[in-house]
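In: okay, predicted coordinates and the sequence, questions at the end:
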Amino acid sequence: MRKIILILLVAVLTIPLAACSGGTKKLSEKDSGTVVRLHPRGKLEIVLDSNPTTGYRWEVASMDESVLRQLGEPEFKSDSKALGAGGKTTFAFKAVSEGKTALKLVYRRSWEKKVQPAKVFEVDVEVK
């Protein structure tokens, strides 16, 4: 009985601490077109299919940096060890102040300036 009470006590004390830090929301391509709500200092992680060996890369096309800030560079992890294999690119963002911003990521070749992106990922981010 004491173990159960101790576990419940730890859980009750830990939940408010997690809420204060804002937590992390994880999104994938299926979440494009949705509204994402974050707490201040909350984090957003977006994981998208990609294959940089083809020349295509995901990049941030637009966002309000007074509301949301990118954390470091996107990270690519291959799905296999095969040469030229595709994988996942992960972006990390942090909510820096209350407000709203449209976040748009595009999948394109950097040298093809006048060509429409092969893919677009868009979400509306609300921080409160």
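Out: Sure, I can see it.
In: what segments of this structure are strands?
Out: Remark: strands assigned in the chain by DSSP state E are 24-28, 35-38, 43-50, 56-62, 68-70, 75-78, 87-95, 99-109, 119-127.
In: and the shortest one, what other elements does it pack with?
Out: Counting contacts by 3 or more C-beta pairs under 8 Å, 6 or more residues apart in numbering; DSSP states H and E, strand 68-70 packs against strand 87-95. No exception for glycine: its C-beta is placed from N, CA and C like everyone else's.
In: enumerate residues external to the strand it packs on that contact any of its residues.
Out: 22, 38-52, 57-58, 60, 63, 67-72, 74-79, 103, 105, 125, 127 (C-beta atoms under 8 Å, 6 or more residues apart in numbering).
In: which ChimeraX command selects the buried ones in those residues?
Out: Filtering the contacts of strand 87-95 down to the buried ones (16 or more other C-beta atoms under 10 Å) takes a single ChimeraX command:
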select :22,38,39,42,43,44,46,47,48,50,51,57,58,63,67,68,74,76,78,103,105,125,127
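In: can you redo the strands of the chain as CSV with mean pLDDT?
Out: Converted to CSV, the strands of the chain look like this (pLDDT from 0 to 100):
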stretch, mean pLDDT
strand 24-28, 97
strand 35-38, 97
strand 43-50, 98
strand 56-62, 97
strand 68-70, 98
strand 75-78, 96
strand 87-95, 98
strand 99-109, 98
strand 119-127, 98
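In: next, the closest residue to Gly99 other than its chain neighbours: phi, psi?
Out: Using C-beta to C-beta, 6 or more residues apart in numbering and skipping the chain neighbours, the partner closest in space to Gly99 is Val67 (4.1 Å). Here is the backbone geometry of Val67 (degrees, to the nearest 10): phi -110, psi -40.
In: okay then, goodbye and thanks.
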